[in-house]
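Colleague: sharing a sequence plus its predicted fold:
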Amino acid sequence: MRKLFLWLLALGLLLSGCGQAGEPAEASAFLLDTAVSVRIYEGGGRDTAQAALDLCASYEKIFSRTDPDSELYRLNHREITQVSDELAQVIALGLDYGRSTGGAFDITMGAVSELWDFAAEDPALPDGEEVARRLAHTGWETVSVEGNTVTFADPETVIDLGGVAKGYIADRLADFLRGEGVTSAIIDLGGNLYCLGSRPGGEPFQVGIQYPYEERQTTILISSHILSEISLLADDVGIIDHGNLLEEESLKELEEKNAKYIHFCVSNAQKAAQVIASSFGSKNVHVSDGNNLYLYDTDLPVEKINRNFMEEGIGIREAHLCEDTLEDYFRRITGGEGIA
């Protein structure tokens, strides 16, 4: 299966955490075949959030593969060859990724991907022979961009920008928000996230990344300031870290490490870490912000820890054991920063 491209800063499930102050100004809509939203925490109001969504809607009219009025749809149906600067730029970007990955990422998979009709009342797997027939008309080499002219070497090739357009759109929406004076916001394009600035108070946003082999909502936490420095290519069986592909076997090996930790959400995480160190002799604790800490000595008695917290006047919102099977991996690629 061809690999799909995503920017990790835009991939994931936002976790609001605890201690979030104030209500954001938010606007939401159904765009890009998914639920999208813009939440502004500082520097703007709902009108600005709505204006960002309007901008998103204008990009949908450029990059949608399925909307008959979109520019990409007309290009795929050979109604036009001259395209806008935006479409030419994103197609060229997608072709560059295809070239650099040896075809692992391929924007010409449109004719194949449309065989999976997820909107059908009774969706079914497509016929294998038809999939094979359409695969013969894919390949980044079949498309070329010269200025604003797009040329197809194969009349049946169909471009699908689903793996790259959302990242481009998120970047443009972030540029717009910055231009409007917004300093703290989250752009959520159906799970593809852009965290602009930090949370009110200066702490980084926290983003949950879905485990490849677990049920939905099973996530690893990582800070937005780390995400801003990391980009990954990923699919259902592989992750590329700075060009080094981790195939299914590598991911399973990471999962077998079965790393665990206890997550505490408390009123004063720094003080709680001091209590754990003084009362239980453990310094194997990571404090991510003022309210969240992670204890990696999972054999320590949680109930007794909570009791000591209360005796020291530390409020407890939650405490639970978590399995973080990709923890070691993220610690390695972030130079020891790890999860947050």
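Modeller: That came through fine. Numbers count the residues shown, from 1 in each chain.
Colleague: pretty sure Val314 contacts Ala273?
Modeller: Rather than Val, residue 314 is Ile. No. With contact defined as CB atoms under 8 Å, Ile314 does not reach Ala273; the gap is 10.4 Å. (Each C-beta comes from the backbone N, C-alpha and C, glycine too.)
Colleague: look up how far Phe309 lies from Gly281.
Modeller: For Gly281, the distance to Phe309 equals 16 Å [CB to CB, to the nearest Å].
Colleague: more crowded one of these two?
Modeller: Phe309 (22 against 9; other CB atoms under 10 Å).
Colleague: ok so that one is a helix residue?
Modeller: Yes. Assigned with DSSP: H, G, I helix; E, B strand; the rest coil, Phe309 falls within a helix.
Colleague: contact partners for it?
Modeller: Counting by CB atoms under 8 Å, 6 or more residues apart in numbering, Phe309 makes contact with Phe264, Val266, Ala272, Val275, Gly315, Ile316.
Colleague: next, give phi and psi for the last one.
Modeller: Ile316 has phi and psi values of phi -120, psi 120 when expressed as degrees, to the nearest 10.
Colleague: please name the bridge partners of it.
Modeller: On the basis of DSSP bridges, Ile316 is bridged to Val266.
Colleague: surely it is in contact with Met310?
Modeller: Yes. If you go by CB under 8 Å, Ile316 and Met310 touch, sitting 6.9 Å apart.
Colleague: of the two, who's got more company?
Modeller: Each of Ile316 and Met310 has its neighbours counted (other CB under 10 Å); Ile316 has more, 15 against 11.
Colleague: from Val302, how far out is that one?
Modeller: In this view, Ile316 and Val302 are 10 Å apart by CB to CB.
Colleague: what's the answer for Asp69, then?
Modeller: Where Val302 is concerned, Asp69 sits at a distance of 57 Å (CB to CB).
Colleague: which one of those two has more residues nearby?
Modeller: The neighbour count for Asp69 versus Val302, taken as other CB under 10 Å, is higher for Val302 (14 against 9).
Colleague: ok, the residue nearest to that one when sequence neighbours are not counted - contacts?
Modeller: Of all residues not flanking Val302 in the chain, Ala319 sits nearest, at 5.6 Å (CB to CB, 6 or more residues apart in numbering). Applying CB under 8 Å, 6+ apart to Ala319 gives the contacts Ile262, His263, Phe264, Cys265, Val302, Ile305, Asn306.
Colleague: neighbour-wise, which one of the residues you listed leads?
Modeller: Phe264 (26 neighbours).
Colleague: farthest-separated two in the contacts of Phe309?
Modeller: Using CB to CB, the two most remote members of these are Val275 and Gly315, lying 12.8 Å apart.
Colleague: does Gln274 belong to a helix, a strand or coil?
Modeller: Assignment for Gln274 (three-state DSSP): helix.
Colleague: ok, it - how many residues close by?
Modeller: Neighbourhood size, Gln274 [other CB under 10 Å]: 16.
Colleague: for Met109, see how far away it is.
Modeller: As for Gln274, its distance to Met109 is 53 Å (criterion: CB to CB).
Colleague: with Leu300 instead?
Modeller: Applying CB to CB, the value for Leu300 to Met109 is 49 Å.
Colleague: over to Val158?
Modeller: Counting by CB to CB - Val158 and Met109 are separated by 8 Å.
Colleague: ok, Gly190 next?
Modeller: Separation of Gly190 from Met109 (CB to CB): 19 Å.
Colleague: go on, Gly139?
Modeller: Gly139 sits at a distance of 10 Å from Met109 (criterion: CB to CB).
Colleague: the two: who's more crowded?
Modeller: Applying other CB under 10 Å to Gly139 and Met109 shows that Met109 carries more neighbours, namely 24 against 16.
Colleague: my guess is that one contacts Leu161, does it?
Modeller: No. Look at Met109 against Leu161 with CB under 8 Å: they stay out of range, at 10.4 Å.
Colleague: re the thing from before, who has more neighbours, Val275 and Gly315?
Modeller: Val275 (17 against 12).
Colleague: would you agree the more buried one is in contact with Gly313?
Modeller: No. With contacts counted by CB under 8 Å, Val275 stays clear of Gly313, the gap being 10.3 Å.
Colleague: pLDDT weak spots in the stretch 151-300 of the chain?
Modeller: 208-259, 288 (pLDDT under 70).
Colleague: could you chop this structure up by domain?
Modeller: Using automatic domain parsing, the domain parsing of the chain gives 13-60+165-256, 66-152, 260-323.
Colleague: what's the end-to-end length of the second one?
Modeller: The one in question is domain 66-152. Across its full length, domain 66-152 reaches 19 Å between end residues, using CA to CA, to the nearest Å.
Colleague: where does Leu93 land on pLDDT?
Modeller: pLDDT, Leu93: 93.
Colleague: over to Trp140?
Modeller: 94.
Colleague: isn't it right up against Thr101?
Modeller: No. If you go by CB under 8 Å, Trp140 and Thr101 don't touch, sitting 9.1 Å apart.
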